[in-house]
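[1] My questions concern the predicted model and sequence given below.
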Amino acid sequence: MAIIERARSAAPEQAAAGARTSGLAAWWRGNATALLFMGPAAVMVLVFFLAPVLLTLGMSLTDMSTATGLSRWQFIGLDNFERIFRGRFTVIVFWNTVLYVAATLTFNVLVGLAVALLSVHVDTRVGGVFRALWLLPRISPSVVYALMWTWAAAAPPFGIINQIVAPFGVEGRFWLTTDPWLIIILINGFVGASLGMLVFTSAIESIPRDLFRAARVDGANAWQIVRRITLPMLKWPILFVITYQTMSLLASYEYILLTTDGGPGLYGTEVWSLWAFHTALNSYYGNLQIGLGAAMAAILVIIALVISLFLLRIFRFNDLVSDAKVEIT
């Protein structure tokens, strides 16, 4: 009798386990294809994004540097973050970063949108050639591209910029010394505008032509069509370009490194990512403070996440990806 009672008591547990197994098998059959397609991308995100972020956060809590031999480091908690917030140059570097990101992002979006609008309203071949020329800064090697701008901004009697502005009464100068931010914004702006141009051009070409024809029949002019039809249909591309370009600009420093290296003067054009690079990997004083540089990078990651969430909220991301509301009467 005892054996029978144990068998009866175990039967519900076995049934529940069987139900869970069959449910798991059914879930796998329904999602296996999606998981297989997403698997490679998920592995890349884990290996090349999540793992480096976790390693950076871990190193930011240490005193790792060449002075410690990279082996005798110790956990020091939040001391690195305290050093950053108490630093004399933190405010300068922060506002340099704000200026760099805001000005370059504005240039990227506005110029990219303007080029896209112009190129889709001309002959197809002419528009294609025009867009191809705008892609040259992006496909050019970074060192060659930066060197060309260095020559263009050279001191008198050299420099193409001096020759262009001379007829307008502007005195010649070495632009990288007198107006470094202008050159930096232009260097990065022409590269970033090409991406915006491609995205916006594709988005504009996907708008149904009937909307434009109907607007012209109703007497709308070009500006009214752009304002009332084109721009409202570009909310998603604009969100993508602004978010992607903001994250890219926060992490980019190569053209600043190649042209001014954070100068002229002390931290004249030093942005946060370049500051972290100089601290951790290229210190003038010889001691590579990897832990402190990792703390700077960790702060940059947090800032990027906050800005991303803010942009998604401003552009109402949930509304953009929600199903269209169709009323059936």
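    Thanks, I have the structure now.

[2] Surely I183 is in contact with W175?
    Yes - if you go by Cβ atoms under 8 Å, I183 and W175 touch, sitting 5.3 Å apart. Where C-beta positions appear, they are placed from N, C-alpha and C, glycine not excepted.

[3] Overlap in contacts, these two.
    Here I183 and W175 have A153 as joint contacts, going by Cβ atoms under 8 Å, 6 or more residues apart in numbering.

[4] Can you tell me which helices and strands the host helix or strand of Q245 packs against?
    Assigning secondary structure by DSSP states H and E places Q245 in helix 235-251. For helix 235-251, the contact count by 3 or more Cβ pairs under 8 Å, 6 or more residues apart in numbering; DSSP states H and E identifies helix 90-120, helix 180-205, helix 272-281, helix 290-314, helix 317-321 as packing neighbours.

[5] Mean pLDDT and mean neighbour count added to those helices, as TSV?
    TSV is the format used below for those (pLDDT from 0 to 100; neighbours: other Cβ atoms under 10 Å):
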stretch	mean pLDDT	mean neighbour count
helix 90-120	94	19
helix 180-205	93	21
helix 272-281	93	22
helix 290-314	91	18
helix 317-321	67	10
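
[6] Need those in CSV (columns: distance to Y253).
    Shown next, in CSV, are these (distance: least, Cβ to Cβ, whole Å):
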stretch, distance to Y253
helix 90-120, 9
helix 180-205, 10
helix 272-281, 4
helix 290-314, 11
helix 317-321, 29
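
[7] so which of those comes closest to T243?
    Nearest to T243, of all the helices and strands packed on helix 235-251, is helix 290-314, at 5.1 Å by Cβ to Cβ.

[8] Tell me the helices and strands packed up against that closest one.
    Here helix 290-314 touches helix 51-59, helix 79-86, helix 235-251, helix 272-281, going by 3+ Cβ pairs under 8 Å, 6+ apart.

[9] tell me the angle of that helix relative to helix 79-86?
    70 degrees (axes from the mean of the first three to the mean of the last three Cα atoms, to 10 degrees).

[10] what does helix 290-314 contact?
    53, 56-57, 59-66, 70, 73, 76, 80-81, 83-84, 239, 242-243, 246-247, 250-251, 272-273, 275-277, 279-281.

[11] And stretch 184-192, by the same measure?
    Stretch 184-192 is contacted by residues 100, 103-105, 107-108, 111-112, 134, 137-138, 145-146, 149, 245, 248-249, 252, 255-256, 259-260, 269 when judged by Cβ under 8 Å, 6+ apart.

[12] This completes my enquiry, with thanks.
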